[in-house]
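Asks: quick one, what's the 3D model for this:
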Amino acid sequence: MSKTENYEDAVSRASSDVASFDEHEKGLFGRFHHLLHTTPALVPLIVLVAAIVIFGLVLGSKFFSPFALTLILQQVQIVGVLAAAQSLIILTAGIDLSVGAIAVLCSVVMGKITFDYGLPPFIAVVLGLTVGTLIGGINGWLVSKVKLPPFIVTLGMWQIVLAANYLYSANETIRAQEIEEQAPFLQFLGTTFDVGGARLTLGVIAMVVLVGALAYALRATAWGRHVYAVGDDPEAAELAGVSVHRTLMSVYMLVGFICALAGWVMIGRFGSVSPSATTGVIGNIQAITAVVIGGISLFGGRGSILGAFFGALIVGVFELGLRMAGANPQWTFLLIGVLIIGAVAVDQWIRKVSA
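Replies: Residues are numbered from 1 along each chain as shown. Purely as a prediction, here's the structure:
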């Protein structure tokens, strides 16, 4: 065999070894990246489980008790519902700054219709849900037809709804005792029941059912595929036969309905109807926090509603765990801030590798 043939044979073997090594490395890395890309809820789920385990080891059995763990669900039921609503908007590459304010206004509408107009509480709840849906429809029309940026539309709507809330209610609170005596149906979602030492409310059940229904709709229906398509590339979706206007309208109207549902959950959770409820101001931030930690991309078109649910639970675990440990509450904000930045960094990394 000549020197040339030996050289070519050596190069061939070396190239084959390098290719094999690269293929192996790419295979491991590719599988890991593919898993993160196709299962966006995996990262927040891992963080949630890790947080529960760490706090459980530090605090012992009192944290692992059924009562403590279900207390987390009770604490996040309002944020969980609002996060489900916010998730739908962000999946379409938008953002809704009015979700918390809509929830408070709809709770006020339910209370005022019952106590000021004398209508049955059931009718009041239906009308409250209708008001939320109509507000969502206005947001959707301004975004899809007038082509205004979602941030601007919902920022303006947040201010409008907050003002309407105080003007309509005259800043009067309907006390829990009044509701309990005269219109207990308004507090229906606050009904508690015990299951094996765990205490749950119907509001928690409503949150879980809502998340499950939305997760199924987004994954297994044509509407869900249209939502992702519009969020990923609206022009391409339009060319593929998807009605972007109809999809956006359905999303924003559904979000308005869900916000009104959150208002009903609020009445059950707090017992009273208060136009000055902090949810109207901080509910937006809490919902966005849960969505971002849950791995839903702020660029739209990627993420899972389950991830937002896990994100809300992560916040609840940190708040309860640190409070039980006697830590300064500011540590909660610090850790949540780190998680927000980390979640966005992971999303950027996944997108960069996918490019």
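Asks: count of neighbours near residue 68?
Replies: Using other CB atoms under 10 Å, residue 68 has 18 neighbouring residues. (Glycine included, C-beta is placed from N, CA and C.)
Asks: I'd say it and residue 56 touch.
Replies: No. Judged on CB atoms under 8 Å, residue 68 makes no contact with residue 56 at a distance of 9.6 Å.
Asks: please name the nearest non-neighbouring residue to residue 59.
Replies: residue 324 (5.5 Å; CB to CB, 6 or more residues apart in numbering).
Asks: how about residue 43?
Replies: Per CB to CB, 6+ apart, closest to residue 43 is residue 295, 5.3 Å.
Asks: confirm that the one you found sits in a strand.
Replies: No. Using DSSP: H, G, I helix; E, B strand; the rest coil, the assignment for residue 295 is coil, not a strand.
Asks: phi, psi for it please.
Replies: phi 90, psi 10 (degrees, to the nearest 10).
Asks: please name the residues that touch it.
Replies: The contact partners of residue 295, by CB atoms under 8 Å, 6 or more residues apart in numbering, come to 40-44, 303-304, 307, 311, 343, 346-347.
Asks: name the element the residue nearest in space to the middle of the chain belongs to?
Replies: Nearest to the geometric centre of the chain sits residue 83, at 2.4 Å (CA atoms, centre = their mean). Using DSSP states H and E, the element containing residue 83 is helix 66-91.
Asks: the helices in the stretch 101-250 of the chain, which residues?
Replies: Using DSSP state H, counting those that start in this stretch, the helices found in the stretch 101-250 of the chain span residues 121-144, 150-169, 176-182, 202-220, 222-232, 234-239, 244-270.
Asks: list just the one of those helices that sits closest to residue 62.
Replies: Evaluated over these, closeness to residue 62 peaks at helix 202-220, with 20.7 Å, by CB to CB.
Asks: what lies in contact with the closest one?
Replies: 70, 73-74, 76-78, 80-81, 84, 87-88, 91, 188-191, 223-224, 227-228, 258, 261, 265, 268-269, 304-306, 308-309.
Asks: next secondary structure after the lowest-mean-pLDDT helix or strand in the chain?
Replies: Least confident helix or strand, the chain: helix 3-38 with a mean of 53, by mean pLDDT, DSSP states H and E. Sequence-wise, the next helix or strand downstream of helix 3-38 (DSSP H and E) is helix 42-59.
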